[in-house]
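Build me a model from this:
(one chain, ligands or ions: 2)
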Amino acid sequence: MKNRGVYTGLVLAGLLLVFGVWVLSFFDTTLSIKRVALDSEAAAKRVALPSGQALFNPPRPEDAPESIREEVMLGYKIMTETSKYAWQYVGNGKDSKLSCSSCHFEGGRSMDSISLVGVGATYPRYRDRNEYTVDLGIRIQGCFDRSMNGTPPPLDGQIIQSLLVYLQWISKDIPIYAELPWTLPESLGNPHKPDTANGATVYKDVCARCHGINGEGTDIAPPLWGNESYNDGAGMHRVRTLSTFAWRFMPKNAPSLTQEQALDVAAYIHEKPRPKFVPTHPDKIVRLIPLTEGK
Ligand code: HEC
Ligand code: HEC
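Ligands and ions are numbered 1, 2, ... in the order given. Next up, the predicted model:
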């Protein structure tokens, strides 16, 4: 009798254990689903996530396989501390307040900025600027000589190659040529005609405390115009891009502008002086071979 009691107890304990593990595993998946949901929650009203599309769940750099881990980590550091690790290719060199992460928060891993999760799967891609399909290395060079007001690092050097392996890693599990619902839309699609005078007021009231009264940047946030800012060839030097960025993500962590205010402040910033883009290499890819030959 006594033995049977022990036996039943053991079986019960075993069942409980299995049940517990099952419950825990369920809890764990809900946790990870929730994390994804939480990431998008801040942008909830702003980012529509149609069902059945690629899931936003970038792996951490430190979880990369050993054979590529150090390069992935270096790529991440180049993104977040560009003036330290790639100062030779950045306007203002080691003193630059801009980094890739100024616009691609957390090295592009954040959904609440111009996310780079998935770019590894969407290049090579046709670009009007090049009048050809270009790979991610050439695309990154463009961010150095325009957004960072610097010069493009060589494609076969450590900087670009580390950035490539990093961006590829955070694109893990995204299907090739997937549609990425979290990329920055072209524009707000709002017909409001920007009013720069109102933009000046918005700037003073909302942006100046972090970006400085003269757009020069502070210890908290990078410059928005002037010698140390992105140049006039940069994507951000477009009212439609800047207004979309500002409406979605500014002030950082607590976006609060109306679309009209975002357009006004973007137009105001757009009129301020900034460095001129000086091309250092040809953008166009020469079509030596008529493409119809491939037919
Ligand atoms: C001042 C803001 C800014 C900075 C700084 C910046 N970028 Fe960008 N980046 C953008 C904008 C805006 C776009 C997309 C719009 C466009 O096509 O111009 C973009 C696009 C990209 C893309 C292509 C994304 C896609 O989905 O096609 C890559 C890759 C990229 N940036 C990498 C970098 C790297 C690497 C750095 C640092 C060397 C950097 N960026 C610095 C603003 C910036
Ligand atoms: C609470 C502080 C804060 C406020 C207020 C704020 N920003 Fe920012 N902003 C940041 C930070 C911080 C970054 C850089 C993000 C990073 O490095 O992680 C940034 C980045 C930017 C960038 C891209 C990088 C650059 O400097 O070119 C733009 C454009 C921008 N902000 C525009 C605005 C506008 C427009 C406003 C006002 C509507 C505004 N911000 C208000 C903190 C702020």
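
Please, which helix or strand holds the residue in the stretch 151-295 of the chain positioned nearest to ligand 1?
Closest to ligand 1 within the stretch 151-295 of the chain is residue 235: 2.2 Å, counting by Cβ to the nearest ligand atom. Every C-beta, even on glycine, is put in place using the N, C-alpha and C of the backbone. Taking DSSP states H and E as the definition, one finds residue 235 inside no helix or strand.

tally of neighbours for it?
A total of 17 residues lie near residue 235 under the criterion other Cβ atoms under 10 Å.

can I assume it is in contact with residue 245?
No: at 9.3 Å, residue 235 does not count as touching residue 245 under the criterion of Cβ atoms under 8 Å.

which non-adjacent residue is nearest the residue of the stretch 151-295 of the chain closest to ligand 1?
Nearest residue to residue 235, sequence neighbours excluded (Cβ to Cβ, 6 or more residues apart in numbering): residue 241, at 5.3 Å.

List the contacts of the residue of the stretch 151-295 of the chain closest to ligand 1.
146-147, 241 (Cβ atoms under 8 Å, 6 or more residues apart in numbering).

Give me every residue in this protein lying close to ligand 1.
82, 98, 100, 102-104, 114, 116, 119, 136, 139-140, 143-144, 147-148, 163, 183-184, 230, 234-236, 241 (Cβ under 6 Å from any ligand atom).

make it 5 Å
Counting by Cβ under 5 Å from any ligand atom, the chain comes close to ligand 1 at 100, 102-103, 119, 139-140, 143-144, 147, 230, 235-236.

filter those by proximity to ligand 2?
When contact is defined as Cβ under 5 Å from any ligand atom, the residues of the chain next to ligand 1 meet ligand 2 at 102-103.

how about the strands in this structure?
Assigned by DSSP state E, the chain shows strands spanning 125-127, 132-134.

how close does the residue of the stretch 151-295 of the chain closest to ligand 1 get to residue 154?
The spacing between residue 235 and residue 154, counted by Cβ to Cβ, to the nearest Å, is 22 Å.

re earlier: in helices only, show me the residues of the chain next to ligand 1.
119, 139-140 (DSSP state H).

Which of these sits closest to ligand 2?
residue 140 (17.1 Å).

need the contact list for the closest residue to that closest one other than its chain neighbours.
Excluding the flanking residues, the one nearest residue 140 by Cβ to Cβ, 6+ apart is residue 163, at 5.6 Å. Counting by Cβ under 8 Å, 6+ apart, residue 163 touches 75, 78-79, 140.

Nearest residue to the residue sitting nearest the centre point of the chain in space, please, no chain neighbours.
With distances taken as Cα atoms, centre = their mean, the residue of the chain nearest its centroid is residue 115 (2.7 Å). Excluding its sequence neighbours, the residue lying closest to residue 115 (Cβ to Cβ, 6+ apart) is residue 182, at 4.9 Å.

so where's this protein uncertain?
Residues of the chain that meet the criterion pLDDT under 70 lie in 1-53, 294-295.

how about the residues of it near ligand 2?
102-103, 105, 206-207, 210, 221-222, 246, 250-252, 265.

which of these tops the neighbour count?
When neighbours are counted as other Cβ under 10 Å, the busiest of these turns out to be residue 265, with 31 neighbours.

Could you measure from it over to residue 205?
Using Cβ to Cβ, residue 265 is found at 10 Å from residue 205.

what ranges do the helices span in this protein?
2-41, 66-80, 82-85, 119-122, 136-142, 158-169, 196-202, 208-211, 239-249, 259-270.

For the last one, buried residues please.
By neighbour count, with 16 or more other Cβ atoms under 10 Å as the criterion, the buried positions of helix 259-270 are 260-270.

Looking at those, which one is closest to residue 195?
Ranked by distance to residue 195 (Cβ to Cβ), the buried residues of helix 259-270 are led by residue 264 at 5.0 Å.

Can you give me every residue that contacts the residue nearest to the closest one when sequence neighbours are not counted?
Nearest residue to residue 264, sequence neighbours excluded (Cβ to Cβ, 6+ apart): residue 199, at 3.7 Å. Contact analysis of residue 199 by Cβ under 8 Å, 6+ apart lists 261, 264-269.
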